[in-house]
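>>> Any chance you could fold what I've pasted below:
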Amino acid sequence: MSNLKLINMEYVEVEEVKWLIYPFIPYGKITIIQGDPGEGKTTLVLQIIARLTKGESIVNEEAKEPINVIYQTAEDGLADTIKPRLLSADADCSKVLVIDDKDTPLTMRDVRLEQAIVETNAKLVVLDPIQGFLGADVDMHRANEIRPVMKHMAELAEKYKCAIILIGHMNKSSMGKSAYRGLGSIDFQAAARSVLIVGRIKDEPETRVVCQTKSSLAPEAKSLAFRLSEENGFEWIGEYDVTADDLLSGTAKGARKQAAIEFLENILANGPMPHTELTELAKQKGIAERTLRSAKDELGIKSKRANNQWYWSLD
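All right, here's what the predicted structure looks like:
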């Protein structure tokens, strides 16, 4: 007897995609957040977790009901690193749960993962980093070994309508394209519905940017920036004009700032111009006002008020 089972699309009910954070992190799917070590991936995720446990807005969204989160780390200590960061972010720590795996290390195929989701009704599961939860018998560069692991995680997310975030370190490739520096096998990114990259701006070491490089369920989001400083801790900056490839190649902002510098040098060579006119001309050339002001500061351009408007001029 044949074991063939067919699904007739006529009888498949359409489901609306629900979002933990639109359009970055969908419910019922896998999201990958990756970047080089030390770029702020974990800090970013813990800040997001803190807000979710309090039901607070994250990225210009309405406040939602607080949720439970399962957070697993294979690198940082809970008492000396994770708990202080959560407290610093003002999280409701009673809603952050960790599977105790001191005796038996947790893997992505571990039955305890599903048990924990059921018992806690967690709406977000985070594994940080993904490399720490593959298991000793899984080679992250072999598609035939990664594919069933990722399929299992995708099924868990869909079954319990929870969001799953996998945090990963980028590989060491010097190639420019962000896709080439992903997590080993391409099957990681293939299984994810959203892929985000976190990196720092070369000219502004306290500024980190989140770029979306894959978005299967919504239009690709504009890049967002946040600031990490000793003085003020974590601060959202907002939209930022940078691409993932610029971010990873170390040319982020530098190349765009150079274009803005050349624009200002050329356009102001013949004398002062109104700031409003400059901004409009720069916008037409794809230069963001933030980048324009950064170039202005580097060139030492002076602002002077005349005839009820501000003029920029080169000395």
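>>> CA only for contacts and neighbour counts going forward, please
Fine.
>>> Pull the number of nearby residues for V98.
15 (other CA atoms under 10 Å).
>>> can you check the one 5 residues further on too?
Using other CA under 10 Å as the criterion, D103 is surrounded by 6 other residues.
>>> Against D110, how distant is E10?
Between E10 and D110 the distance is 36 Å, computed by CA to CA, to the nearest Å.
>>> higher neighbour count, those two?
Set E10 next to D110 and count neighbours by other CA under 10 Å: D110 wins out with 13 against 6.
>>> Report the separation between that one and T120.
16 Å.
>>> same question, A218
As for A218, its distance to T120 is 29 Å (criterion: CA to CA).
>>> same check, this time on A282
A282 sits 52 Å away from T120, going by CA to CA.
>>> who's more crowded, these two?
Shown here are A282 and T120; by other CA under 10 Å, A282 has more neighbours (18 against 15).
>>> got a list of what the more buried one touches?
A260, F263, A288, E289, L292 (CA atoms under 8 Å, 6 or more residues apart in numbering).
>>> which stretches of the protein form strands?
Secondary structure of the chain, counting by DSSP state E: strands at 19-21, 25-26, 30-35, 69-73, 96-97, 124-128, 163-169, 194-201, 204-215, 224-229, 233-239, 273-274, 302-306, 309-313.
>>> Could you export those strands as JSON lines, including mean pLDDT?
Listed next are those as JSON lines, based on pLDDT from 0 to 100:
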{"stretch": "strand 19-21", "mean pLDDT": "95"}
{"stretch": "strand 25-26", "mean pLDDT": "97"}
{"stretch": "strand 30-35", "mean pLDDT": "96"}
{"stretch": "strand 69-73", "mean pLDDT": "98"}
{"stretch": "strand 96-97", "mean pLDDT": "98"}
{"stretch": "strand 124-128", "mean pLDDT": "97"}
{"stretch": "strand 163-169", "mean pLDDT": "95"}
{"stretch": "strand 194-201", "mean pLDDT": "92"}
{"stretch": "strand 204-215", "mean pLDDT": "90"}
{"stretch": "strand 224-229", "mean pLDDT": "89"}
{"stretch": "strand 233-239", "mean pLDDT": "87"}
{"stretch": "strand 273-274", "mean pLDDT": "90"}
{"stretch": "strand 302-306", "mean pLDDT": "87"}
{"stretch": "strand 309-313", "mean pLDDT": "89"}
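>>> Select, out of those strands, the one closest to E56.
When the strands of the chain are compared by CA to CA, strand 19-21 sits nearest E56, at 11.5 Å.
>>> partner strands of the closest one, parallel or antiparallel?
strand 25-26 (antiparallel) (DSSP bridges).
>>> related to what we said a few turns ago, would you reformat the contacts of A282 as CSV and include distance to K102?
As requested, the contacts of A282 are exported to CSV (distance: CA to CA, whole Å):
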residue, distance to K102
A260, 53
F263, 58
A288, 49
E289, 51
L292, 52
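>>> And those, which is closest to G35?
G35 has its nearest neighbour among the contacts of A282 in A288, at 24.6 Å by CA to CA.
>>> Look up how far L127 lies from the closest residue to that closest one other than its chain neighbours.
Spatially, and ignoring its direct neighbours in sequence, A288 is nearest to D241 (6.7 Å; CA to CA, 6 or more residues apart in numbering). Plainly put, D241 is 29 Å away from L127 if you go by CA to CA.
>>> Straight-line length of stretch 221-230, end to end?
Termini of stretch 221-230 sit 29 Å apart (CA to CA).
>>> Pull the contacting residues for the nearest residue to F226 once chain neighbours are set aside.
With CA to CA, 6+ apart as the criterion, F226 has its nearest non-adjacent residue at 4.3 Å, and that residue is W236. Taking CA under 8 Å, 6+ apart, we find W236 in contact with A225, F226, R227.
>>> Nearest to E16 among those?
Nearest member of those to E16, counting by CA to CA, is A225, at 28.8 Å.
>>> and that closest one, how many neighbours does it have?
Neighbours around A225, by other CA under 10 Å: 22.
>>> thought it was touching G238?
Yes: counting by CA atoms under 8 Å, A225 does reach G238; the two are 5.4 Å apart.
>>> For the residue lying closest to A91 once chain neighbours are set aside, which residues are in contact?
In space, and not counting its chain neighbours, A91 is closest to A50: 3.9 Å by CA to CA, 6+ apart. Listed by CA under 8 Å, 6+ apart, the contact partners of A50 are L86, A89, D90, A91, D92.
>>> same thing with E235?
Counting by CA under 8 Å, 6+ apart, E235 has contacts F226, R227, L228.
>>> can you pull up the bridge partners for T73?
For T73, the beta-bridge partners are D128 (DSSP bridges).
>>> Now do it against I130, distance only.
Remark: distance between T73 and I130 (CA to CA) = 9 Å.
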